[in-house]
Every structure is written in structure tokens, then in C-alpha cells.
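> what would the 3D arrangement of this be:
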Amino acid sequence: MLRSLNEYEIERSRIIYSSDGASAYFTISSGYYSDSYYFCNPGEMYQDYKDLQGETLIKISGDLFWECQYMMNSSNSSYYTYYYKVYNIKVTELKSELYGKK
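Prediction:
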């Protein structure tokens, strides 16, 4: 584990789920770079995501790990490590920004 996100505030619309809930990710952009976060457990968190429909901002918590393909590619090119990073995130919680409502 690299680090944890603890109630990171994100727009719900930035989380992209497949129609069947089998995969999910979000990106965080800042200036010249963009980091991608792929859910390790999308199916487990899919109902929570659906329950938050209608919310604008949500808080996400989870543990971050390097994504394996990213690590392999980053050893061959400084572009990978400078401009963007790719993580896997084991999401532990998705909840409403408002009043801690889940």
C-alpha cells in the first residue's frame, strides 16, 4: 500500500462505472498531469455508488496501490512517471458530502 485517501471530495459524475458495475475509475487532473484511479472492488461498491445518485459531491476513502502495467511501463519511460500516475484503489467508503449521509 502506498497511502490512503480519507474522505477525498470528488464530483460523483467523475466516477465512471461500467453499466454492469464490473469496472470503475476516476481521474484527477491538475495542470499538465492527470492521475487515474481504478477500483479494485467495483462490484462491492456499486450499490453505494447507485445509492448516491442525485448527489453532486461525494467523499471517497480507500487504500492506494500502484497499478502493475503502469509500473512496468514507467521503468521504460520518464513520460509515464512525470505526466501521469495510475493507481488501483481498494475503496472502503463512498458517502454523501452533505451531513455524512451515506
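> and the longest strand for this structure?
Longest strand in the chain, counting residues (DSSP state E): strand 84-96.
> any idea which helix or strand in this structure has the lowest mean pLDDT?
Every helix and strand in the chain was compared by mean pLDDT, DSSP states H and E; the lowest is helix 78-83, with a mean of 58.
> what is the longest strand of the chain packed up against?
strand 3-11, strand 33-39, helix 42-51, strand 57-66, helix 68-74 (3 or more C-beta pairs under 8 Å, 6 or more residues apart in numbering; DSSP states H and E). Using the backbone N, CA and C atoms, a C-beta is placed for each residue, glycine as well.
> rerun that using 7 Å as the cut-off
Judged by 3 or more C-beta pairs under 7 Å, 6 or more residues apart in numbering; DSSP states H and E, strand 84-96 is in contact with strand 33-39, helix 42-51, strand 57-66.
> neighbouring strands for the last one, and are they parallel or not?
Sheet pairing of strand 57-66 (DSSP bridges) gives strand 3-11 (antiparallel), strand 84-96 (antiparallel).
> for the first one, same thing?
Looking at strand 33-39 with DSSP bridges, its partner strands are strand 24-30 (antiparallel), strand 84-96 (parallel).
> show me where pLDDT drops low in this structure?
67-83, 99-102 (pLDDT under 70).
> recalculate using a threshold of 90.
Scanning the chain with the threshold set as pLDDT under 90 gives 1-3, 28-35, 65-87, 97-102.
> can you count the residues close to Met45?
23 (other C-beta atoms under 10 Å).
> correction: the previous question concerned Glu55.
Glu55 sits with 17 neighbouring residues when counted by other C-beta under 10 Å.
> residue closest to the middle of this protein?
For the chain, Tyr37 is the residue whose C-alpha lies nearest the centre (C-alpha atoms, centre = their mean; 3.8 Å).
> in the longest strand of the chain, what's buried?
With burial defined by 16 or more other C-beta atoms under 10 Å, the residues of strand 84-96 counted as buried are Tyr84, Lys85, Val86, Tyr87, Asn88, Ile89, Lys90, Val91, Leu94, Lys95, Ser96.
> and the contacts of that strand?
5, 33-41, 45, 48-49, 52, 55, 58-67, 70, 101-102 (C-beta atoms under 7 Å, 6 or more residues apart in numbering).
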